[in-house]
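Asker: Take this sequence and fold it.
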Amino acid sequence: MKSKSIDINQRIPLDALHVALQSYLGGEYDEQYILEQLHLDFTGENRIKKSLRIINKIILKNPLVPYVDQHKEEILNVLKRKDDRNLILIALLNASFPFSFDVLRTFGKYLAVQDLVNTETISKSISNVYGGNRATEIGLYSVIPMFIEANILHRPKQGLYEVNKQFHCTSSLSIDLYKESLKFNAELNSFIWDEYSEPYLIFSKNY
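Answerer: Alright, predicted model coming up:
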């Protein structure tokens with residue numbers, strides 16, 4: 001596989017990402033308000049500005065923007081439900097940053113056949129694609145906490161992860177948007193996926 005870029009080096013609080021998406025859907029994208037939200041989580045102007053750049057990429061420059069624009073009112077309603085909202089946010093994250101998609105899909109590959117997977121196994125698999133360097137490590141430390149915050153991954157103890165079977169989506173729209181992030185990455189990386197065996201989709205199932 002050709003060398004792939006990581007691009008993300010900062011965890012983004014889902015509350016701030018939610019605020020950004022909601023303001024975009026409402027037609028009033030307000031960077032100042034988003035910055036105020038980021039100040040609740042971070043200190044240091046460099047980190048905050050870096051976070052805003054990442055949020056802008058996820059919300060404003062997302063390859064799924066046409067889909068989002070077609071379903072604005074529906075998405076606004078779905079955002080009221082936490083698990084559906086979180087799945088939408090992760091879908092947008094993964095469409096903007098293929099590294100994040102690859103990490104979650106790698107979790108899915110292991111968790112589709114076993115109950116638990118450890119950090120070392122995920123890190124080794126991702127390093128085979130992106131290189132075993134500091135940037136890869138930082139990327140992992142950026143996106144894995146977001147998966148945990150979204151409740152799609154559960155960490156029963158340090159360094160171990162499992163599918164969170166309490167995660168429950170009630171909207172077909174959130175699941176469809178999540179599938180759109182899969183379709184985009186499949187086209188980007190030229191792989192074929194199947195509705196019934198695709199490991200990325202285990203996180204959108206209701207158990």
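Asker: Not counting residues beside it along the chain, what's closest to Tyr24?
Answerer: Once flanking residues are discounted, Tyr24 sits nearest to Ile59: 5.1 Å by C-beta to C-beta, 6 or more residues apart in numbering. Glycine gets a C-beta too; all of them are placed from N, C-alpha and C.
Asker: Please identify the helix or strand for the one you found.
Answerer: helix 45-60 (DSSP states H and E).
Asker: could you list every residue that touches the residue lying closest to Ile138 once chain neighbours are set aside?
Answerer: Closest residue to Ile138 apart from its sequence neighbours, by C-beta to C-beta, 6+ apart: Asn9 at 4.9 Å. Asn9 is in contact with Lys50, Ala135, Ile138, Gly139, Ser142, counting by C-beta atoms under 8 Å, 6 or more residues apart in numbering.
Asker: so Ile175 sits in a helix?
Answerer: Yes. Applying DSSP: H, G, I helix; E, B strand; the rest coil, one finds Ile175 inside a helix.
Asker: Please report how far it lies from Tyr200.
Answerer: Applying C-beta to C-beta, to the nearest Å, the value for Ile175 to Tyr200 is 12 Å.
Asker: Compare the two (neighbour count), which wins?
Answerer: Using other C-beta atoms under 10 Å, the more surrounded residue of Ile175 and Tyr200 is Tyr200, with 23 against 19.
Asker: if you average pLDDT over the host helix or strand of Tyr161, what comes out?
Answerer: Following DSSP H and E, one finds Tyr161 within strand 160-163. Regarding strand 160-163, the rounded mean pLDDT is 98.
Asker: List the neighbouring strands of it plus their orientation.
Answerer: Paired neighbours of strand 160-163 in the sheet (DSSP bridges): strand 117-118 (antiparallel), strand 153-157 (antiparallel).
Asker: So for Leu182, which of those sits nearest?
Answerer: Of all those, strand 153-157 sits nearest to Leu182, with 16.9 Å by C-beta to C-beta.
Asker: now what about that closest one, what contacts it?
Answerer: Residues external to strand 153-157 that are found in contact with it (C-beta under 8 Å, 6+ apart): Phe107, Leu116, Ile144, Phe147, Ile148, Tyr161, Glu162, Val163, Asn164, Gln166, Phe203.
Asker: per-residue confidence at the residue nearest the centre of the chain?
Answerer: For the chain, the residue sitting closest to the mean C-alpha position, by C-alpha atoms, centre = their mean, is Ile90 at 2.9 Å. Ile90 is assigned 99 on the pLDDT scale.
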